[in-house]
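Novice: Starting from these lines, generate the structure:
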Amino acid sequence: MHIPPSLKHKKFFYLWLGQLISVTGTQMQLWALFWHINHLNENPMALGGIGVARILPVIIFSLIGGALADSMDRRKVMFVTQSIAALLAVTLGLLTQFGQITIWYIYLITALQAVVVAFDGPSRQALIPNLLPKKDLPNAFSMTFTAFEAGAVLGPALSGIIIASFGQEAVYYFNAISFVAVLIALVMIGDVPQSIAATSSGVSWKAIKDGIHFIFSKPIIFSTMMVDFVATFFASASTLMPIIAKEVLNVGVVEYGYLSAASAVGAVLVAVILSQVKEIRRQGMVFAAAVVVFGIATIVFGMTKSIVVAWLAIAVTGGADGVSTIVRNTIRQLQTPDHVRGRMTSVNQIFFMGGPQLGEIEAGAVAQFFGAPFAVVTGGIGCIVGTILILWKWPQLRTYNGDEPMLAGATAD
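Specialist: Below is the predicted model of the structure:
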């Protein structure tokens, strides 16, 4: 194995390392919240409610966040958002520690954190191409995904252990500390030049409309967003995992943490493999096939009563999602000029976050009436059917191969 070329660029490496630490804390908190809510209220709709809190602010504020990322110093925007996120995590920990926490406080703080994400996400994603040469961008996207999924492996597993050992509030404090890693990275990165065109439109309704028009004028970009939304809307099994763990698999909080980490384990393995692959051909078919595999594995998870099979099925969903994420993100970023990259990312953020968050509501409602296993299985079926319909509607996606093979790994040149 060789060192990925993107990590040879110091500024990108600082951001990558900071994100790895921060995502671990964020994933710890996310899975702890699911467990916390299920402890406070065992109604499946209570778990679905957190999806509303996580997506509505993103829908409302992401487009503004995208315009901001194209008109201001992206590094400074991130510094503010990361600082606020740390304070919100501390607040959640204090309320829990002193026995004042309620499900409504969890919803409120989760919604405020989603506002932060709406502004942070576009700046963070748009900042990456400013940190290294274009030839190393595909590998940078692959390594960024690896960092996020590595954090997602550690986060859920550590979350269960920490809750069992130190209490629920400890997870929230760990998350607050993890944001400091990104703040340090942003200081070490220093000034980052942005395209002059990126600051010309300002934060305005016209700038937002221009970004939306760009998305709709690119069928390949828009169709990948649609597949992302439909697949995760139907096959979002994560919100029902506490119920599956307790009522179907008959396991406790520690095993729940391991099960929650399975998706990220599969994703990391795939990301490491892809980081060593020279190129990916027929990207459209690779992307579509990965999403179909995601749906099939979701069906298996919903049907099994074995913790081993369930873990393997979730790991496969993570690996399939890893392939689709790396391919689609690389396609979008390489086809988007710097002056509109923040706005493209903000629209994409609504799609890729909206799918699973709204899917949590759908899954909770179906589980309420028909049970969690039925909700998961039908969700996997919906994922497959939806993907096939989108491929029929936009055949360009099915046949897409780019102007040349997509560089995926360390030998990007």
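
Novice: can you pull the buried residues of stretch 236-250?
Specialist: Residues of stretch 236-250 classed as buried: 236-246, 248-249 (neighbour count, 16 or more other CB atoms under 10 Å). For every residue, glycine as well, the C-beta is placed using N, CA and C.

Novice: Show the end-to-end separation of that stretch, please.
Specialist: In stretch 236-250, first residue to last residue: 21 Å (CA to CA, to the nearest Å).

Novice: Let me know whether Q357 touches I55 as I believe.
Specialist: Yes. Q357 is within contact range of I55, at 3.4 Å (criterion: CB atoms under 8 Å).

Novice: What ranges does the stretch 1-150 of the chain have for its helices?
Specialist: Ranges of helices in the stretch 1-150 of the chain, per DSSP state H, counting those that start in this stretch, are 10-40, 44-69, 74-97, 103-127, 137-166.

Novice: Mean pLDDT, mean neighbour count and distance to L183 for those - can I get that in JSON lines?
Specialist: Converted to JSON lines, the helices of the stretch 1-150 of the chain look like this (pLDDT from 0 to 100; neighbours: other CB atoms under 10 Å; distance: least, CB to CB, whole Å):
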{"stretch": "helix 10-40", "mean pLDDT": "89", "mean neighbour count": "22", "distance to L183": "8"}
{"stretch": "helix 44-69", "mean pLDDT": "82", "mean neighbour count": "22", "distance to L183": "18"}
{"stretch": "helix 74-97", "mean pLDDT": "94", "mean neighbour count": "19", "distance to L183": "6"}
{"stretch": "helix 103-127", "mean pLDDT": "91", "mean neighbour count": "21", "distance to L183": "12"}
{"stretch": "helix 137-166", "mean pLDDT": "82", "mean neighbour count": "23", "distance to L183": "16"}
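
Novice: what about the ones you listed, which gets the closest to K305?
Specialist: With CB to CB, the closest approach to K305 among the helices of the stretch 1-150 of the chain belongs to helix 44-69: 18.8 Å.

Novice: Helix 103-127 and that closest one, what's the angle between them?
Specialist: Angle of helix 44-69 versus helix 103-127, following axes from the mean of the first three to the mean of the last three CA atoms, to 10 degrees, is 30 degrees.

Novice: got the angle for helix 44-69 vs helix 74-97?
Specialist: Using the same axes, to 10 degrees, helix 44-69 lies at 160 degrees relative to helix 74-97.

Novice: what helices or strands is helix 44-69 leaning on?
Specialist: helix 10-40, helix 103-127, helix 205-216, helix 241-243, helix 338-370 (3 or more CB pairs under 8 Å, 6 or more residues apart in numbering; DSSP states H and E).
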